[in-house]
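1. Quick check, what structure comes out for this input:
(3 chains)
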Amino acid sequence: MTGGLETVELTKSFGGVTAIDAATVAFQPGKVNALIGPNGSGKTTFFNCVTGMIRPDSGRVRYRDHDITGRAPHRIARAGIGRSFQLCRVFPRMTVLDNLLVAVRAGGLRSSRNRAEMERARGWLTRVGIDHLEHAEARNLSWGQQKLLELAGVLMADPETILLDEPAGGVNPALIDRIGALVRELNAEGRTFLIVEHNMDMVMSLCDHVVVFDRGRPIAQGPPAAVKSDPRVLEAYLGV
Amino acid sequence: MPSGALLFQSLILGVLLGGLYALLAAGLTLYFGIMRVVMIAHSAFLILAAYLAWYFHERTGLDPLLSLLVTVPLFFGAGVAMQRLLLARLRPMTLTMMSVLLTFSVALAIEGTLGYVFTGTQRRVRLGYSGASLEFFGARIAVVKLIAFLLAAAAMLALYLLMKRSRFGQALRATIQHKDAAQLVGIDTDRIAGYGFGLGLATAAIGGTALALDSTIYPSLHWHWIGPLMAIIVVGGLGSVPGAAIAAMVLGVLQAVLQIPFGTTWAQTVFYLALFATLAIRPQGFFGGRLAQRF
Amino acid sequence: MRNASSRVLRLAALAVGAALVLSFPSLAPNPYILSAGVIIANYAVLSTAWNFVGGFTGYISLGHGALFGLGAYGTGLLVVRAGAPSFVALFAAAAIVALLAVPIGFAALRVRGASFVIVSIALVLILLLVFQSWASFTGGSNGLVVPRPFPGLLRPEHHAVFFYLFAVLLAAALLTWWLIDRSWFGLGLKAIREDEDKAQALGTPTFAYKLIVFVVSATFTALSGGLYALWFGDLDPIFQFSILTGAYMVLMALLGGVRHLFGPLVGALVVGYALEYFKLEYGNTPLHLVATGLLLGVVVLFMPDGVIPAFTSLYRRFFGPAESSIREVTAAELRAPTGVPR
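-> Numbers count the residues shown, from 1 in each chain, chains lettered A, B, ... in the order given. Predicted coordinates:
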């Protein structure tokens, strides 16, 4: 299937450790994809390679039939791929609103107090539920609020494909449900998701297509039910 | 084309110089490895040690090398104090940048104090053996330079044994490589960091005393050392002690050899050229291997 | 949010400040005070120029002394060796430095944190070396004498003219800083300061932004250096390529507050005045190095955001109202789809 995010023989090693091993995988556009696997299977490194933060040793990353391998992170972001971080990252000493405004494509010396963009930002803040914190400094937010802020920031850049790195990490069940609902809403509006997660309930209930990584390469892919009962997956998660 | 003898002489000189650079650069890169701190004051302490060695010799008439008995433990303590009392107080988010400013302020304070106490007059240690030299396959080697090299080499060996063979060294290396993991296995990384700093300043004490044997010293001399030393640790790879040592030898030899055609002052630019080249080609340094960080 | 009365107050303060600056040369009791004023004005431009990089991107450059020296020597050499008219030389030198800032920035800004500072220091040291050694061209340690642009002026008038010139340059720098501060460009720069990788992930072209602001910073610094050369008339590598100058710039900006428009200016006034006073009372002793070191250390340890935030937070701790936590949101409130209570 073309048109989505895919990698061809992607390889990355750090010293003697092969983090990604000739990984060839295609994610389904318009769907909620999941990338799961045991710790150390290369998932975050995969994200970093795809979003340009790390240069792969070999292989290609393709998006919408264009080769984006090794492009600068900001160019990949502007091509329509947004991502969140495993340890959620916000701009600590900027206000919540400014955190979102950074994602605006406008540039130059015009004033950043642009009413239209500020309203658009407020829209996203309301949608994730932290609009009352608009003027607070990001570093004063709780962990859950920061996760929502990070999500709102990613969405503010209006990405077509969104990579979420452990969105449920360290978050209470009510918030997990809320994030899940939001992902479903946004997917219905046409955005593609690729989610790295360990929370199996979330993955099974939310995702259409699951890719399982083990030791740097995909070992199984398919709908959640099929993957869940795949013996190779069970061995990777529970075995040696 | 310089004569073979002259070249050989410069080579020897470069090796001797490189040895001293290696010791000093090892200390400098140690601070960075332990705490991501750029310790600008390292060379200021170096000059301070040199002044103390000179002063000791002036006052007692004894060989300045004996001052090591006092300065090494003193500087070790100062290093621990600096780390625990000053650097530990900095916010982690801006640690590296602020540590530069903080250690810079310490360097200024030391230079100012030295200038005030000893005045700006250039000082030099005059020993019985100051002018003596040895013959080595046609090359003349100044005895003081040889002693400085041997001192530096001995210190490097001790440092190596300490880091590789002792429990403290093991804890130190663990702290450098992965602070959180080290804490998880029960290492008191704060205390280790303090001792590591002390170790770094102790090497400055040794290096400074070695320097005093052969050089003319004055308060602002530290600026002539911090540049080359920082260049060495970047070329070697920030945080890597073996990387710093190798880079020091290479650049020391290069500097000595280039002195023949270009003269002393222009030969010094080799450090800065190497620095810019490293940042342009391979910012994480050439000799550090896996230990080196890209910063 | 800003309301009308606070706006009027700020404009009034600005007007008063401008009036003071304009009238300073006539108020100064003697030419020495006037020349001290010129020096402080120079510091104000330098620290504001430094703050383009330090304040917006968070990259602490200890090498701006190099740019100052290049601007000074560039202007001086163009006048002496090429016979250029003074102010043509000034702008030409600044243009040259701006061009040089591109490859310098390219090398320096590719790396972060520690390496950047190391490169900035190395820049000053290598230029010091070069300008001292290349005596045939630069005059080396004997210095370079730069002829005055207005030879007919008496000493006090000379100082007054240059005071105004520096004031104009300062106004230009402040205006530029203010424009960037409120702009999208400035927002991107501040994001770089907060989290450079995250800024990239959100689409900010971080390297290009850093380079642009570095060139702007270098240009203002070089202009100030050139004006200094024309005013002072005598250049020496040790003073022009001085890490200490770079340290002063950092100290002043830090003391006044790097995130405020007038922070560096305030810092320049305080530190500059202290330096001149110290020089007057105690002469040129090494002790002012100790004082600078101690002051810098104190600022870094206890008020890295500058005096203004330090004092306001102290004030608030003793006199301000108790702050409630904004984390007091219940699970039920979080679950609510919209309209979370304020």
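
2. Run through the residues that contact the nearest residue to B:Tyr116 once chain neighbours are set aside.
-> In space, B:Tyr116 comes closest to C:Pro286 once its chain neighbours are excluded; the distance is 4.8 Å by CB to CB, 6 or more residues apart in numbering or on different chains. Bear in mind the C-beta positions are built from the backbone N, C-alpha and C, glycine included. Going by CB atoms under 8 Å, 6 or more residues apart in numbering or on different chains, C:Pro286 touches B:111-116, B:120, B:219.

3. from those, which ones fall inside helices?
-> Those of these mapping onto helices are B:111-116, per DSSP state H.

4. So what's the model's average confidence on the helix or strand hosting A:Cys49?
-> Secondary structure from DSSP states H and E places A:Cys49 in helix A:43-50. If you average the pLDDT over helix A:43-50, you get 90.

5. Now do whatever helix or strand comes next after it against helix A:43-50, angle only.
-> Downstream of helix A:43-50, the next assigned helix or strand under DSSP H and E is strand A:58-63. Per axes from the mean of the first three to the mean of the last three CA atoms, to 10 degrees, the angle that strand A:58-63 makes with helix A:43-50 is 80 degrees.

6. for the next helix or strand along the chain from strand A:58-63, the distance to its chain's centre please.
-> Once strand A:58-63 ends, the next helix or strand along the chain (criterion: DSSP H and E) is strand A:66-67. How far strand A:66-67 lies from its chain's middle: 19 Å, per CA atoms, centre = their mean, to the nearest Å.

7. Enumerate the residues of the stretch 101-250 of chain B near chain A.
-> Neighbours of chain A within the stretch 101-250 of chain B, by CB under 8 Å from any CB of the partner chain: none found.

8. all strands of the stretch 101-250 of chain B, in order?
-> For the stretch 101-250 of chain B, the strands defined by DSSP state E, counting those that start in this stretch cover B:133-136, B:139-142.

9. re earlier: can you work out which other helices and strands pack against the helix holding A:Cys49?
-> strand A:5-14, strand A:17-26, strand A:32-36, strand A:161-165, strand A:192-196 (3 or more CB pairs under 8 Å, 6 or more residues apart in numbering or on different chains; DSSP states H and E).

10. Any stretches of the chain with poor pLDDT?
-> Just going to use chain A. Where chain A drops to pLDDT under 70, the residues are A:1-2, A:238-240.

11. wrong one, I was asking about chain C
-> For chain C, the stretches flagged by pLDDT under 70 are C:1-3, C:320-342.

12. what about the strands in it?
-> C:144-145, C:234-235 (DSSP state E).

13. Between those, which one is closest to C:Val168.
-> strand C:234-235 (22.4 Å; CB to CB).

14. So which elements touch that closest one?
-> Judged by 3+ CB pairs under 8 Å, 6+ apart, strand C:234-235 is in contact with helix C:64-82, strand C:144-145.

15. how about a cut-off of 10 Å?
-> helix C:64-82, strand C:144-145, helix C:206-232 (3 or more CB pairs under 10 Å, 6 or more residues apart in numbering or on different chains; DSSP states H and E).

16. quick one: contacts for the closest residue to chain A within the stretch 201-342 of chain C?
-> Nearest residue of the stretch 201-342 of chain C to chain A: C:Gly203, at 4.0 Å (CB to the nearest CB). By CB atoms under 10 Å, 6 or more residues apart in numbering or on different chains, the contact list for C:Gly203 reads A:73-79, A:82, A:102-105, A:156-159, C:188.

17. Quick check: the gap between the spatially closest residue to it that is not a sequence neighbour and A:Leu151.
-> Nearest residue to C:Gly203, sequence neighbours excluded (CB to CB, 6+ apart): A:Ala77, at 4.0 Å. Using CB to CB, to the nearest Å, A:Ala77 is found at 15 Å from A:Leu151.

18. Around chain A, pick out the residues from the stretch 101-250 of chain C.
-> C:176, C:179-188, C:190-195, C:197-209 (CB under 10 Å from any CB of the partner chain).

19. all helices of the stretch 101-250 of chain B, in order?
-> Remark: helices assigned in the stretch 101-250 of chain B by DSSP state H, counting those that start in this stretch are B:143-165, B:167-177, B:179-184, B:189-214, B:222-236, B:241-267.

20. Could you identify which of those helices is most buried?
-> Stretch with highest mean neighbour count among these: helix B:222-236 (a mean of 27; mean count of other CB atoms under 10 Å in any protein chain shown).

21. Only alpha carbons, please: show that helix as PDB.
-> Extracted in PDB, the C-alpha atoms of helix B:222-236 (Å, rounded to 0.1, in the frame of the first residue of the first chain):
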ATOM      1  CA  HIS B 222      46.200  30.400  32.000                       C
ATOM      2  CA  TRP B 223      44.600  31.800  28.900                       C
ATOM      3  CA  HIS B 224      47.400  30.400  26.800                       C
ATOM      4  CA  TRP B 225      46.600  27.000  28.100                       C
ATOM      5  CA  ILE B 226      42.900  26.700  28.300                       C
ATOM      6  CA  GLY B 227      42.500  27.200  24.500                       C
ATOM      7  CA  PRO B 228      44.800  24.400  23.500                       C
ATOM      8  CA  LEU B 229      43.500  22.200  26.200                       C
ATOM      9  CA  MET B 230      39.900  22.700  25.200                       C
ATOM     10  CA  ALA B 231      40.800  22.100  21.600                       C
ATOM     11  CA  ILE B 232      42.500  18.800  22.700                       C
ATOM     12  CA  ILE B 233      39.500  17.500  24.500                       C
ATOM     13  CA  VAL B 234      37.100  18.300  21.700                       C
ATOM     14  CA  VAL B 235      39.400  16.600  19.200                       C
ATOM     15  CA  GLY B 236      39.800  13.700  21.500                       C
END
